[in-house]
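>>> Fold the stuff below for me.
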Amino acid sequence: MDAIRTERLVLRNFWPEDGPDLLAYLREPGASCYLSLKLDDLAAAEAEAAKRAGSDETIAVCLAATGRVIGDVFAMPEPPDTYAVGWNFNADVGGAGLATEAARALFDHLFTAKQARRLYAYVEEDNTPSRRLCERLGMRAEGLFREFISFREDEHGRPVFENTLQYALLRKEWQGPARAG
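Okay, here's the model as predicted:
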């Protein structure tokens, strides 16, 4: 994909040399849904960066000033015109509005260049930062799935099921009042 530039960020395909930055936020994933992506060392991170480099679905989010990868956004197509979206950021950059800036750029790209009609995201009920981000983007909560999915096990090896919210946004909503925020 062609790079997307914002005031402070560049969204681009991953490069194989992004391994160290990827390791910085996937060594200890902050959200349960990313536990399966946990990376143990630089070799694993370099392999993951190389794998991601071959796809447009997971996009590196870089600081424009330094080129440092601070997280990623993803858009998984569901034909004909829907995308599952999400994000994962290094906790070191939290609170600066960078996730909002990156997600807005992604949404603009999907609604304009890809002609998406609908975007949706699954967010664990206890993931307050992602829930707030969905709301800042104008997404609406469509439903709560109780004990929907398990990403980990308890001390006895039993799955821990998490409540999950589904948020969504239509193109016509994005072009309306949601875009003003």
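
>>> hey, which strand is longest across the protein?
Here the longest strand in the chain is taken by residue count, with DSSP state E as the criterion, and it is strand 140-153.

>>> neighbouring contacts of it?
Taking contacts as CB atoms under 8 Å, 6 or more residues apart in numbering, the residues outside strand 140-153 that touch it are 32-33, 35-36, 120, 125, 134, 159-169, 173. (Glycine included, C-beta is placed from N, CA and C.)

>>> Give me the subset of the residues you listed lying in strands.
Among these, the members falling in strands (DSSP E) are 120, 159-169.

>>> got the CA positions of stretch 118-138 in PDB?
Extracted C-alpha coordinates of stretch 118-138, given in PDB (Å, rounded to 0.1, in the frame of the first residue of the first chain):
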ATOM      1  CA  ARG A 118     -18.900  -0.600   7.200                       C
ATOM      2  CA  LEU A 119     -16.100  -0.900   9.800                       C
ATOM      3  CA  TYR A 120     -16.300  -2.900  13.000                       C
ATOM      4  CA  ALA A 121     -14.100  -3.700  15.900                       C
ATOM      5  CA  TYR A 122     -14.200  -6.200  18.800                       C
ATOM      6  CA  VAL A 123     -13.000  -4.900  22.100                       C
ATOM      7  CA  GLU A 124     -12.800  -6.700  25.400                       C
ATOM      8  CA  GLU A 125     -15.100  -5.200  28.000                       C
ATOM      9  CA  ASP A 126     -12.300  -4.300  30.300                       C
ATOM     10  CA  ASN A 127     -10.100  -2.700  27.600                       C
ATOM     11  CA  THR A 128     -11.100   0.900  28.500                       C
ATOM     12  CA  PRO A 129      -8.500   2.700  26.300                       C
ATOM     13  CA  SER A 130      -9.800   0.900  23.100                       C
ATOM     14  CA  ARG A 131     -13.400   1.400  24.100                       C
ATOM     15  CA  ARG A 132     -12.700   5.100  24.400                       C
ATOM     16  CA  LEU A 133     -10.900   5.200  21.100                       C
ATOM     17  CA  CYS A 134     -13.900   3.600  19.400                       C
ATOM     18  CA  GLU A 135     -16.100   6.200  20.900                       C
ATOM     19  CA  ARG A 136     -13.800   9.100  19.900                       C
ATOM     20  CA  LEU A 137     -13.900   7.700  16.300                       C
ATOM     21  CA  GLY A 138     -17.700   7.900  16.300                       C
END
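
>>> If you count neighbours, what's buried in it?
118-124, 127, 129-131, 133-134, 137-138 (16 or more other CB atoms under 10 Å).

>>> Please apply the same query to stretch 68-77.
Applying a neighbour-count criterion of 16+ other CB under 10 Å, one finds 68-75 buried in stretch 68-77.
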